[in-house]
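[1] no sequence on this one, just coordinates:
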């Protein structure tokens, strides 16, 4: 019983530390409305999101997902965060940043683990966006007119293959456009009938409330996910980040 109490105490402390690693509030960026949230399905999780200001004035927005759950995934998540923040200080080309990140992670990631991630550098004033998708479920841009676009350019998951050159994609967020980034704990969440929430639902919900703030879009997706799950708890970490051009 004493050993179990000590373990529970350690997990509680780990959860507090991990929560402190996430941004407590989104940055204030004129022209860009940001909101993010992560909820682990256990005490600690392997999902990661962040906002990092780049030297060229752009905002780097990240969502990533370490394979697995629990303590092992959370340790890799904290390592990922440290590496991303260090690279962001010296590298502003997103495709090169992700390529260097993959090379660094390959040397320190166990063979049975990998990481998916989406990295987007957004200029708050112009809306110009450069991104790279590392095996992550494609984020969706909801245009002001309701059209949906998936962000797919990039490369494979991180931490498996060394020396992989990742591709980069470019687009522009115009006034009223909403970028929705999320982990597969959202899209693959199963209900009591075994049905998945689905990527299509994420885009449709965001489109239905695209005129609202980033936080309101996030909360509406979360609300409809809770309704979809009913009495069931999420079986995976749930993370979302919304960026809306104002």
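    Happy to help now that I have it. Please read these numbers as outputs of a predicted model, since none were measured by experiment.

[2] in the helix or strand of the chain with the lowest mean pLDDT, what's buried?
    Least confident helix or strand, the chain: helix 2-21 with a mean of 87, by mean pLDDT, DSSP states H and E. Under the neighbour-count criterion of 16 or more other Cβ atoms under 10 Å, helix 2-21 has 11, 14-15, 18 buried. Using the backbone N, CA and C atoms, a C-beta is placed for each residue, glycine as well.

[3] which elements pack onto the very next helix or strand once past that helix?
    Downstream of helix 2-21, the next assigned helix or strand under DSSP states H and E is strand 32-39. Strand 32-39 sits against strand 47-53, strand 59-66, helix 214-229, strand 238-245, with contacts defined as 3 or more Cβ pairs under 8 Å, 6 or more residues apart in numbering; DSSP states H and E.

[4] which residues touch strand 32-39?
    Strand 32-39 has contacts (Cβ atoms under 8 Å, 6 or more residues apart in numbering) with 22-23, 26-27, 45, 47-49, 51, 59, 61, 122, 124, 173, 213-215, 217-218, 222, 234, 237-246.

[5] repeat that with 7 Å
    For strand 32-39, contacts defined as Cβ atoms under 7 Å, 6 or more residues apart in numbering pick out 22-23, 26-27, 47, 49, 51, 59, 122, 124, 213-215, 218, 237-246.

[6] what's the ChimeraX syntax to select whichever of those are buried?
    Listed next is the ChimeraX selection for buried residues among the contacts of strand 32-39, using 16+ other Cβ under 10 Å:
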select :22,26,47,49,51,59,122,124,214,215,218,237,238,239,240,241,242,243,244,245
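
[7] tally of neighbours for residue 228?
    As a burial measure, residue 228 scores 17 neighbours (other Cβ atoms under 10 Å).

[8] I'd say residue 198 and residue 186 touch.
    No: in this structure, residue 198 is not within contact of residue 186 by Cβ atoms under 7 Å, at 9.4 Å.

[9] more neighbours: which of those two?
    A count of neighbours by other Cβ under 10 Å puts residue 186 above the other of residue 198 and residue 186, at 25 against 14.

[10] contact partners for the closest residue to residue 168 other than its chain neighbours?
    Excluding the flanking residues, the one nearest residue 168 by Cβ to Cβ, 6 or more residues apart in numbering is residue 95, at 3.4 Å. When contacts are counted by Cβ under 7 Å, 6+ apart, residue 95 touches 132, 166-168.

[11] which residues touch the residue nearest in space to the middle of the chain?
    In the chain, the centroid-proximal residue (Cα atoms, centre = their mean) is residue 63; its distance is 1.8 Å. Counting by Cβ under 7 Å, 6+ apart, residue 63 touches 49, 117-118, 181-183, 239, 241.

[12] which helix or strand contains the nearest residue to residue 70 once chain neighbours are set aside?
    Here the nearest residue to residue 70 in space, its sequence neighbours aside, is residue 42; by Cβ to Cβ, 6+ apart that works out to 5.1 Å. Counting by DSSP H and E, there is no helix or strand that carries residue 42.

[13] if I look at residue 42, how far off is residue 225?
    Taking Cβ to Cβ, to the nearest Å as the measure, residue 42 falls 18 Å from residue 225.

[14] look at the two and report which has more neighbours.
    Higher neighbour count among residue 42 and residue 225: residue 225, with 22 against 15, using other Cβ under 10 Å.

[15] that one is in contact with residue 187, isn't it?
    No: Residue 225 lies out of contact with residue 187 (Cβ under 7 Å); the separation is 9.6 Å.

[16] show me whatever sits in contact with both of these two.
    residue 197.

[17] for residue 12, what are its contacts?
    Counting by Cβ under 7 Å, 6+ apart, residue 12 makes contact with residue 43.

[18] residue 101: what's it in contact with?
    Taking Cβ under 7 Å, 6+ apart, we find residue 101 in contact with 83-84, 87, 158.
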